[in-house]
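Student: pasting the structure only:
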């Protein structure tokens, strides 16, 4: 058992600071866009009709999270999007969205597409939970 030396001048430990707090900037006057969080689940007939898997309709059994963000009067080239494991950070000239995600995601395998007719950005994120390799095998 090893005890870490304490620095008496620190106010908090790095473990106490929530992930994604480096993106917080309350001074930014841009408004937050409307957004929706939807969950997707891959199911087959064996799941729906026969109940052969452990899946149920809850978000705990969903593999993907889709975030739809309304961005009126925005061009694709104006969008800056940064996805971390627990944080989505979106910036445009008029809007700003800092979203702490309800589940940890695989930020390396995320996809985004801008639907210009609907003025909506769709971000598809693969949910990464601890025991998914057992639950969804």
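Tutor: Okay, I see it. Since the model is a prediction, treat every value here as computed from it, not as a measurement. Numbers count the residues shown, from 1 in each chain.
Student: which non-adjacent residue is nearest residue 129?
Tutor: Nearest non-adjacent residue to residue 129, counting by C-beta to C-beta, 6 or more residues apart in numbering: residue 103, 6.4 Å away. All C-beta spots, glycine's among them, are computed from the backbone N, C-alpha and C.
Student: pretty sure that neighbour contacts residue 65?
Tutor: Yes - counting by C-beta atoms under 8 Å, residue 103 touches residue 65, with 6.6 Å between them.
Student: More neighbours: which of those two?
Tutor: residue 65 (21 against 16; other C-beta atoms under 10 Å).
Student: Contacts only, for that one.
Tutor: Residue 65 makes contact with 37-40, 101-103, 105, 124-125, 127, according to C-beta atoms under 8 Å, 6 or more residues apart in numbering.
Student: Low-confidence regions, this structure specifically.
Tutor: 1-8, 12, 14-26, 43-61, 130-137 (pLDDT under 70).
Student: rerun at 50
Tutor: Counting by pLDDT under 50, the chain shows no low-confidence range.
Student: mind listing the strands for it?
Tutor: For the chain, the strands defined by DSSP state E occupy 35-40, 64-70, 80-83, 87-91, 96-100, 111-115, 120-126.
Student: buried set for the shortest one?
Tutor: Judged by neighbour count (16 or more other C-beta atoms under 10 Å), strand 80-83 contains these buried residues: 81, 83.
Student: The chain: helices as residue ranges?
Tutor: Here the chain has its helices, by DSSP state H, at 45-48, 132-135.
Student: my read: residue 97 touches residue 34, true?
Tutor: No - using C-beta under 8 Å, residue 97 makes no contact with residue 34, being 9.5 Å away.
Student: These two: who's more crowded?
Tutor: Using other C-beta under 10 Å as the criterion, residue 97 and residue 34 rank with residue 97 on top: 20 against 13.
Student: For the more buried one, give its distance to residue 89.
Tutor: Residue 97 sits 7 Å away from residue 89 when distances are taken as C-beta to C-beta, to the nearest Å.
Student: returning to what we had before: tell me, what's touching residue 97 and residue 34 both at once?
Tutor: Between them, residue 97 and residue 34 share these contacting residues under C-beta under 8 Å, 6+ apart: residue 69.
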